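> Generate coordinates for the sequence data below:
(one chain, ligands or ions: 1)
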Amino acid sequence: MKNYLLTATFAVMISILMSCTSKQEKAETRMRDFISGYETRVIPLYKEAALASWNANVTGTNEDWAKSEKASFELTKIFTDSTAFRELKELRESGLVKDSLVARQLELIYNSYLGGQVDPSLLEEQIRMETEISKKYSNFRAILDGKELSDNQIEEILRNSKVSADLKAAWEAHKMIGPVVAGDIVKLVRHRNMIAQKTGFNNYHEMTLKLSGQDPAEVTRVFDELDELTRESFARLKGDIDAYFAKRYDLKTDELKPWHYQNRFFQEAPEIYSVDFDKYYEGQDPVKLAAAFYNGIGLNVDAILAKSDLYEKPGKNQHAFSTDIDRSGDVRTLDNVKPDSYWMNTMLHELGHGVYSYYNDKSLPFTLRDAAHSFTTEAIANLFGRFATDPLWMNDMGIIDKAESEKIATVSSNALRLQMLVFSRWAQVMYRFEKSMYENPDQDLNQLWWTIVEKYQLLAKPDGRNMPDWATKIHVALYPCYYHNYLLGELLASQLYYYITTNVAKNPSFAGDKAVGEYLKQKVFMPGTRYYWNDMIEKATGEKLTAKYYAKQFVE
Ligand SMILES: [Zn+2]
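Below is the predicted model of the structure:
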């Protein structure tokens, strides 16, 4: 009897509560239910795919690549569920999900599903094509005088040789990857465009930017502004560069070719200033230095390094990346470390990505434990990578003494300035080439590439050259429509550096200053992707993303 009464009272209470439940609460409950089912399925597959990709990149075996392909297909397949997409679309269009964290997850998850509303067999085909191309890049070794050379070895020749014929041979040997992959890439580009068009976008470039929360017109505007801001300074510096190389190779400036610029793509500054940073790193351990630095600013990287794969191996991916395996602390970086300034920069860079992931806010839902945008994590990586050639930092880290630091101060800042300008022009090439390629993949891409290279990098196309040189840059095929984020990352790195040195750090090298780590944790890492990227930047620095600090730092 007593029990019955209690139950009846309870039922009345519940019905009163139900009638009070607003439409908003109902919609938010529906979204919360969706999220919990979503997480149950996504979290294990996300982890499995991340681990499989990691293993494939480390071993390079066909078996591991096959596993990776299968795992990433299983993960991608989730987002093709049209019933789930209809639920998200209805909730989104109702405008009733207002709780900020739930609404943010709805936005992000909706975009993921929108990207997946294509015939699953088309997505499977895309992954298969990408994996095939990826293998070709991984296994390619330039052949010079009958010997197989790694990318590192090609770069070494381009950097050090003074013999034009040798430079040309090394440059051309590397460019032989172009014809191996170009046809596959054009097919892949058409395939990606078909998917974008079926999803309601004009092309894959537009789709990728929009689904990542960027308006292509806004990005183009930033690139136009930067072009404006850097054009004259760059032309002046390019004159200095050409004068330097004409002397180095005993040529006239109009005889200089793309292989004379000490890099496969002229994406990095040639060493025209007489600081040989590599010599300071001979006998140094970039891994130990990076660890000491990060630990010193209160961002402990020991757990990341313990899981990382740091040195060259046969079959292993020759590049560098950082990956967050589970968004719960398993963060790793793959590198091919050598004791030189390039790998010092790269270690600082990859661990910058690493700490951004590692110090996420574990109380946030899975979907929000991610960077605000891919370019905001690039900004952190770049902010730290720049220190590799900063004399103040090198002095504070015990790599050089104070006298040496002062001696190379001016020339180092000139070198960094040159590096930033050279890179900004190269990023223009990548952004504009990709945009145009996706707008029309059937145009003459070989010519398009060189037209853009000549315009933005002021390099001269070798006479009569008609090769798919655009296809020699792995990012065009496998990290599509992403490169512009590196430049946006540089802009934000400058904005953060300016903010931190003005308001947070006692020391411009940050070394040993735990306030820097704390600031980044609180203002950048822990917010994850709970705010729109430009809102996060405004909360962290008091301003939306602006090019003015980049200009302040690098353009006269
Ligand atoms: Zn990066």
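> quick one: residue 189 from residue 374, how far?
Using C-beta to C-beta, to the nearest Å, residue 189 is found at 20 Å from residue 374. C-beta: built from backbone N, CA, C; applies to glycine.
> next helix or strand past the helix or strand of the chain with the lowest mean pLDDT?
In the chain, no helix or strand scores lower on mean pLDDT, DSSP states H and E than helix 2-20, which sits at a mean of 54. As assigned by DSSP states H and E, the chain's next helix or strand after helix 2-20 is helix 23-59.
> In that following helix, which residues are buried?
Neighbour-count burial for helix 23-59, counted by 16 or more other C-beta atoms under 10 Å, picks out 27-28, 30-31, 34-35, 38, 42, 45-59.
> more crowded one of residue 189 and residue 374?
residue 189 (22 against 19; other C-beta atoms under 10 Å).
> element containing the most centrally placed residue in the chain?
In the chain, the C-alpha nearest the mean C-alpha coordinate belongs to residue 378, at 5.4 Å (C-alpha atoms, centre = their mean). Applying DSSP H and E as the criterion places residue 378 in helix 374-385.
> Likewise for residue 436?
Counting by DSSP H and E, residue 436 is found in helix 409-439.
> So which residues of the stretch 101-250 of the chain form helices?
In the stretch 101-250 of the chain, the helices defined using DSSP state H, counting those that start in this stretch lie at 120-139, 151-160, 164-175, 177-198, 204-211, 216-249.
> Pick the most buried one from the ones you listed.
Using mean count of other C-beta atoms under 10 Å, the stretch among the helices of the stretch 101-250 of the chain with the greatest mean number of neighbours is helix 204-211 (a mean of 21).
> What lies in contact with it?
111-112, 114-115, 189, 192-193, 195-196, 199, 201, 215-216, 219, 434-435, 437-439, 480-482 (C-beta atoms under 8 Å, 6 or more residues apart in numbering).
> Swap in 6 Å and give it another go.
Residues outside helix 204-211 that contact it (C-beta atoms under 6 Å, 6 or more residues apart in numbering): 111, 115, 192-193, 196, 201, 216, 435, 438, 481.
> and which of those is nearest residue 455?
Of all these, residue 455 sits closest to residue 435, with 13.9 Å by C-beta to C-beta.
> per-residue pLDDT, that closest one?
Residue 435 is assigned a pLDDT of 97 by the prediction.
> how deep is it tucked in, by neighbour count?
Neighbour tally, residue 435, other C-beta under 10 Å: 19.
> Can you check the pLDDT for the nearest residue to it once chain neighbours are set aside?
Among residues not flanking residue 435 along the chain, residue 205 sits closest, at 5.4 Å (C-beta to C-beta, 6 or more residues apart in numbering). Residue 205 is assigned a predicted lDDT (pLDDT) of 98.
> same question, residue 275
83.
> cool, the one 3 residues further on as well?
pLDDT, residue 278: 94.
> Now for it: which residues touch it?
340-341.
> Mind doing that once more with 10 Å?
Residues near residue 278 by C-beta atoms under 10 Å, 6 or more residues apart in numbering: 159, 271, 338-344.
> same deal with residue 289?
Contacts of residue 289 were listed using C-beta under 10 Å, 6+ apart, and they are 281, 339, 344, 347-348, 387-388, 393-394, 397-399.
> okay, the helices of the stretch 101-250 of the chain in TSV with distance to residue 289 next?
Putting those into TSV (distance: least, C-beta to C-beta, whole Å) gives the following:
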stretch	distance to residue 289
helix 120-139	29
helix 151-160	20
helix 164-175	30
helix 177-198	33
helix 204-211	36
helix 216-249	30
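> now for those helices, which one comes closest to residue 422?
Here helix 216-249 is closest among the helices of the stretch 101-250 of the chain (C-beta to C-beta), at 7.7 Å.
> could you point out which element follows that closest one?
helix 277-281.
> Would you mark the buried spots in the following helix or strand past that next one?
The helix or strand immediately downstream of helix 277-281 is helix 286-296, counting by DSSP H and E. Neighbour-count burial for helix 286-296, counted by 16+ other C-beta under 10 Å, picks out 286-287, 289-291, 293-294, 296.
> one step back: now the residue nearest to the centre of the chain: closest residue in space that isn't a chain neighbour?
Nearest to residue 378 is residue 489, by C-beta to C-beta, 6+ apart, at 2.9 Å.
> Hmm, that neighbour is touching residue 386, no?
No. Using C-beta atoms under 10 Å as the test, residue 489 is too far from residue 386 to be in contact (11.3 Å).
> Low-confidence bits of the chain, can you list those?
Applying pLDDT under 70 to the chain picks out residues 1-21, 556.
> How far away from the center of its chain is the helix or strand where the residue nearest to residue 378 lies?
Using DSSP H and E, residue 489 maps to helix 484-503. Here helix 484-503 is found 15 Å from its chain centre; the criterion is C-alpha atoms, centre = their mean, to the nearest Å.
> Report all helices and strands that that helix contacts.
Helix 484-503 sits against helix 204-211, helix 216-249, helix 374-385, helix 409-439, helix 514-520, helix 533-541, helix 548-554, with contacts defined as 3 or more C-beta pairs under 10 Å, 6 or more residues apart in numbering; DSSP states H and E.
> quick check: angle from the first one to helix 216-249?
Orientation note: helix 204-211 sits at an angle of 120 degrees relative to helix 216-249 (axes from the mean of the first three to the mean of the last three C-alpha atoms, to 10 degrees).
> same question, the third one
Our comparison of helix 374-385 with helix 216-249, counting by the same axes, to 10 degrees, yields an angle of 30 degrees.
> what separates helix 374-385 from the chain centre, distance-wise?
Taking C-alpha atoms, centre = their mean, one finds helix 374-385 lying 8 Å from the centre of the chain it belongs to.
> Please name the nearest non-neighbouring residue to residue 300.
Spatially, and ignoring its direct neighbours in sequence, residue 300 is nearest to residue 294 (7.0 Å; C-beta to C-beta, 6+ apart).
> and what of residue 415?
Nearest non-adjacent residue to residue 415 (C-beta to C-beta, 6+ apart): residue 273, at 4.6 Å.
> Next up, phi/psi of that neighbour, please.
With angles defined as degrees, to the nearest 10, residue 273 sits at phi -90, psi 150.
> What distance do you get for it to residue 410?
9 Å.
> likewise residue 48?
Counting by C-beta to C-beta, the gap from residue 48 to residue 410 is 52 Å.
> and if you look at residue 246?
On the measure of C-beta to C-beta, residue 246 and residue 410 end up 24 Å apart.
> Kindly report the same for residue 460.
From residue 460 across to residue 410, the span is 31 Å (C-beta to C-beta).
> repeat for residue 252
29 Å.
> In terms of packing, which of the two has more residues around it?
Counted by other C-beta under 10 Å, residue 252 and residue 410 do not tie: residue 410 has more neighbours, with 12 against 9.
> what sits against the more buried one?
Per C-beta under 10 Å, 6+ apart, neighbours of residue 410: 273, 275, 391.
> Buried by neighbour count: which residues of stretch 470-487 qualify?
For stretch 470-487, by 16+ other C-beta under 10 Å, it's 470-474, 476-478, 480-487.
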